[in-house]
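> need coordinates for the following:
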Amino acid sequence: MPSKSNLRRRQGSRGGGRILHGVLLALLCLILASCAYMYIVARTVHIRHTEVRLRDLPEQFDGTTILYLTDLNLFGTNTPEAALALMERLRGLYPDLILLGGDFASPSPFERLNFTDPDSPRVQTRMIEARTKFLTGLRAFATPLGKFAIAGESDVDPSSLRAAAEAGGVDLLSDDVLLLTKNGARVGLVGLKPNGTELRSLESLSEKVTREDCVIVLAHSPEDYALIQTTEAANGGGWADLVLCGHTRGGQIVIGGHSLLPLNEHEQRYLSGWRRENDAVLLTSAGVGCQWLNFRLGTQAEVHLITLRRGEPEATGEGFVPPNPEVRWDSGE
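From the prediction side, this is the model:
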């Protein structure tokens, strides 16, 4: 027959085990709740309504609206169907112009965790199919001034990307300059290729415009900011009035002011939001999608409806119109 001391030890051991199990269960619930929260945040897309004043903007373009999206990163639950459902909701904004900033698809967490080569035919085929379904689905989204896109660093096979864009009525720009016309006035649109446009190529682009022209630059990464500001227009001086980029996802998961993404110095400096430098208005968008996992913390998924106004740019990023109510990135149920 066990002694009373042995019984007390057994009961104490069982009590300690129950406490440990309770603590572990609480931690598991906390982790699951945190993951659910970060997933919901990642799937909630905010529409940022902003008025931007540009000194060189022709009067005919005053009030022109741009719908800007970048970094869709289609994989997993971020399906092309979900992205097109989002676009269908955004149709009600009636933008004059759509600009897409690249990284339409990316490797899934399963592919990354299995150390699948992102350049393998299987991964590339899935990514190409996803972005093709999205881009071709944009044909029904008509805009007065057109739809334009650039590639991101994750956008493999440029030829198929261009074909998919053309099928959706989207012009793919790669170190190109074109002119948007409205009632006889013109605005330049420059689209840069990803992974760093060479200085020589950028100089050849800047020499096609003058400092009096209004020029919008579509770049994938904020790394291009410094290079843009070291080049000059054909008659000297700065040439870019509005520069739009993404790539950083706003840091995606930010803890204590630090992003868990491996970002370089320029990407950290221009992590997200608006600013003005040397008379150029700059935007780094946090984008729609995510890298690695569809989780966000300390950041928000976003698209931008930008209204162009003729006038002197604001001295800083302060004073911009705050975001309007959010929309959900889902299938529309």
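> show me the strands in the stretch 101-250 of the chain, by range?
Secondary structure of the stretch 101-250 of the chain (DSSP state E, counting those that start in this stretch): strands located at 147-149, 171-172, 176-182, 185-191, 215-218, 242-245.
> what is the nearest residue to K208 once chain neighbours are set aside paired to in the beta sheet?
Closest residue to K208 apart from its sequence neighbours, by C-beta to C-beta, 6 or more residues apart in numbering: V177 at 4.9 Å. C-beta coordinates here come from the backbone N, C-alpha and C atoms, glycine included. As for beta bridges, V177 partners with V190 under DSSP bridges.
> dump the residue contacts of V177.
Counting by C-beta atoms under 8 Å, 6 or more residues apart in numbering, V177 makes contact with G188, L189, V190, L205, K208, V209.
> go again using 7 Å as the cut-off
Shown in contact with V177 (C-beta atoms under 7 Å, 6 or more residues apart in numbering): G188, V190, L205, K208, V209.
> same deal with E59?
If you count contacts by C-beta under 7 Å, 6+ apart, then E59 has R310 around it.
> how near is it to G184?
Going from E59 to G184 by C-beta to C-beta, to the nearest Å gives 11 Å.
> picking that back up, make CSV out of the strands of the stretch 101-250 of the chain and add mean pLDDT and distance to Q300.
Formatted as CSV, those follow (pLDDT from 0 to 100; distance: least, C-beta to C-beta, whole Å):
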stretch, mean pLDDT, distance to Q300
strand 147-149, 97, 23
strand 171-172, 96, 28
strand 176-182, 92, 30
strand 185-191, 95, 26
strand 215-218, 96, 22
strand 242-245, 95, 17
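> out of those, which gets nearest to E111?
Nearest to E111 among those is strand 147-149; the distance by C-beta to C-beta comes to 24.0 Å.
> parallel or antiparallel, which strands does the closest one pair with?
Sheet pairing for strand 147-149, assigned by DSSP bridges, gives strand 97-100 (parallel), strand 171-172 (parallel).
> so which residues make contact with that strand?
Contact with strand 147-149 is made by 98-100, 138, 165, 169-173, 189, 191, 218, as judged by C-beta under 7 Å, 6+ apart.
> could I have the buried ones of those as PyMOL selection syntax?
In PyMOL, a selection of the buried entries from the contacts of strand 147-149 looks like this (16 or more other C-beta atoms under 10 Å):
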select buried, resi 98+99+100+138+165+169+170+172+173+189+191+218
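> ok, the contacts of strand 147-149 vs Q252, which is closest?
Using C-beta to C-beta, L100 comes nearest to Q252 of these, at 19.4 Å.
> so the closest one bridges to which residues?
L100 has these beta-bridge partners by DSSP bridges: L69, A149.
> residue contacts, it?
With contact set as C-beta under 7 Å, 6+ apart, L100 has these partners: L69, T70, A149, V170.
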